[in-house]
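[1] sequence unknown, structure follows:
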């Protein structure tokens, strides 16, 4: 494996899911070991009863133009990109503490989530690699 | 879209935005053997630097890169699996 790329996915707004998809897919294509730790407001988008992420209020006026641009660029939606990353070996974990806080159990998550883990597991897994916080 | 014959795979990633072309390249790489050649057609301008980065990271050779019919055509030789 050519290095590690790890993402702490915390934000729950639609704009932040775009770099999650793009960067995990790109890193997986580069042959990197990719892991994503989903926590905070991002968790709802991974539940079976999916909570669609809203655009942040300060950029709401740009949302329509962005959606149009993404469509014109034929950019796939973030979950398709993350699924492609997973097909190339990426792993996606839900934070156990925040899952509990939000009342989400293993069976409540869709198939993008591989497991529910604690923060220590993620820290151990991401050690000596690149980690970003979204 | 992918076409293969005798150790040469043609990958058509034209009109795909980043990171589509590099992903299609990675998928073709997975099915390749040492000594194979992958020809990647793309239109996303990011592919110029991305293919170089991919080759450096995975230890494979970028044999050539040129513009043809409005596309960027990269030819990669697979040296490592």
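    Yep, it's here. Every value quoted in this text rests on a predicted model; they were computed, and no experiment measured them. Numbering: from 1, shown residues only, chains lettered A, B, ... in the order given.

[2] So, low pLDDT: which residues of the chain?
    Because you didn't say which chain, this covers chain A. A:1 (pLDDT under 70).

[3] nope, chain B please
    Short version for chain B, where the test is pLDDT under 70: none.

[4] how about the helices of it, start to end?
    For chain B, applying DSSP state H gives helices covering B:20-30, B:47-58.

[5] Out of those, indicate the one that is most buried.
    helix B:20-30 (a mean of 22; mean count of other CB atoms under 10 Å in any protein chain shown). C-beta here means a position set from N, CA and C on the backbone, and glycine is covered the same way.

[6] The helices of chain B: which one's closest to residue A:58?
    helix B:20-30 (29.6 Å; CB to CB).

[7] okay, the angle between that closest one and helix B:47-58?
    30 degrees (axes from the mean of the first three to the mean of the last three CA atoms, to 10 degrees).

[8] now helix B:20-30: how far from the chain's centre is it?
    Centroid separation for helix B:20-30 versus its chain: 7 Å, with CA atoms, centre = their mean, to the nearest Å.

[9] So it, near chain A or not?
    Yes: counting by CB under 8 Å from any CB of the partner chain, chain A has neighbours in helix B:20-30: B:20, B:22-23, B:25-27, B:30.

[10] Can you list the helices and strands that that helix packs against?
    Counting contacts by 3 or more CB pairs under 8 Å, 6 or more residues apart in numbering or on different chains; DSSP states H and E, helix B:20-30 packs against helix A:14-29, strand B:2-5, strand B:8-13, strand B:37-42, helix B:47-58.

[11] Now do that helix: everything it contacts.
    Outside helix B:20-30, the residues within contact range by CB atoms under 8 Å, 6 or more residues apart in numbering or on different chains are A:25-26, A:28-31, A:76, A:84, A:88, B:2, B:9, B:11, B:13, B:16, B:38, B:40, B:42, B:44, B:47, B:50-51, B:54, B:58, B:60, B:76, B:78.
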